[in-house]
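*Asks:* One predicted model, sequence on top.
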Amino acid sequence: MSAIILAVANQKGGVGKTTTAVNLAAGMALGDKRVLLIDFDPQGNTTTASGLDKHTIAPTAAELLLGEAEIRACIHATEGGDFDILPANGDLTAAEVRLVSRIGREMVLRNALQPVLDRYDVVIIDCPPALNILTVNALVAAHGVVVPMQCEYFALEGLSALMDTLEQVRAAVNPNIAIFGVLRTMFDGRNRLAQEVSQQLEAHFGPRLFQTIIPRNVRLAEAPSHGLSGLAYDPSSTGAQAYVQLAQEVMDRLKELAA
C-alpha cells in the first residue's frame, strides 16, 4: 500500500511545527511504521534535530526540486536509524526562487515522491512558516494536514489564511486534501487564556482536534541541540510521552480512514 502523506503546517512561526514533525516521526517509528520525514523549511531545523549536519549533507530537498538529483539519492538515514529523512538547508531558498517560474511548479514534490511511496507507511512534511510555493507543494502532495497551534489570543486568526490556502489547493489540484488534525502545543494548563482558547478550538474543530495536548516542556526544547528527537533524548519526559500518545492517536485515525 502507498504511504499516507501528512503535511505539518501553520504559517505562524514558533508554534512547534518542527518539534511536532520530528517527534511524530519518531513516535510512529516506535509503533513499527516505516517513516519518511521531509524537511521542507530552508532553516533546516528538522534536519539538525534528526542528527544530521545541514551544512554538509547532500543531496537535499533543493536538488530534488530542481531535478538535479532523484529522490532515492536525497533520502538519508537518521542518526538513530529509526526513520529516514529528506534533509534541507539554505539552498532550498534558491530552489524556491527558481521554482516560481516553472510550469507545474506546485506539483514538483508530489511527482518526485512517487517512486518511493511504496517503501513507507507514512510521509511527514515539515512546512516552512509561510504560505509560499514550498508549502503549496507540500499541500498538493499531502492527503491531510496536521496543524500545530498554541492556545493564545491570535491562534484562530492565523488559521484562517491556512484554511483559505487549503480551499484553493482543493479547488485547483488536490480535491482530497483536508485538515487531518489540529494539535494544541506548548500548553500551560495554569494559564486561563490557554484554557479558554482550548475550549474555542474544541467547539470549532470537534473531532478534528487531537485529544492529545503537548505540554510546555524543557526536555523537548533541549533535544534538538543534541541532534535528537524528544523521544530519544528523554523518553520519560512529559513532552516525549505526549508525542508517543499523539503518534498512537494518528495511527488510530489512519486505521479508521482505511476502514
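*Replies:* Sure, I can see it.
*Asks:* alpha carbons only for contacts and neighbour counts from here, please
*Replies:* Will do.
*Asks:* any idea which helix or strand carries the nearest residue to residue 173 once chain neighbours are set aside?
*Replies:* For residue 173, ignoring the flanking residues on the chain, the nearest one in space by CA to CA, 6 or more residues apart in numbering is residue 140 at 6.7 Å. Using DSSP states H and E, residue 140 falls within helix 133-141.
*Asks:* after that helix comes which helix or strand?
*Replies:* strand 144-150.
*Asks:* okay, that following strand in CSV with CA atoms only?
*Replies:* This file holds the C-alpha atoms of strand 144-150, laid out as CSV (Å, rounded to 0.1, in the frame of the first residue of the first chain):
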residue,chain,number,x,y,z
GLY,A,144,-4.0,15.6,5.2
VAL,A,145,-2.7,18.5,7.2
VAL,A,146,-1.6,18.4,10.9
VAL,A,147,-1.9,22.0,12.3
PRO,A,148,0.1,22.7,15.5
MET,A,149,-1.3,25.6,17.4
GLN,A,150,-0.5,27.5,20.6
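*Asks:* Can you tell me the strand partners of that strand and which way each runs?
*Replies:* Applying DSSP bridges to the sheet, strand 144-150 is found paired with strand 4-8 (parallel), strand 178-187 (parallel).
*Asks:* List the buried residues of whatever helix or strand comes next after it.
*Replies:* With elements assigned by DSSP H and E, the helix or strand that comes after strand 144-150 is helix 155-172. Neighbour-count burial for helix 155-172 flags 155-156, 159, 162, 165-166, 169-170 (criterion: 16 or more other CA atoms under 10 Å).
*Asks:* Same question for stretch 17-33.
*Replies:* Judged by neighbour count (16+ other CA under 10 Å), stretch 17-33 contains these buried residues: 17-30, 33.
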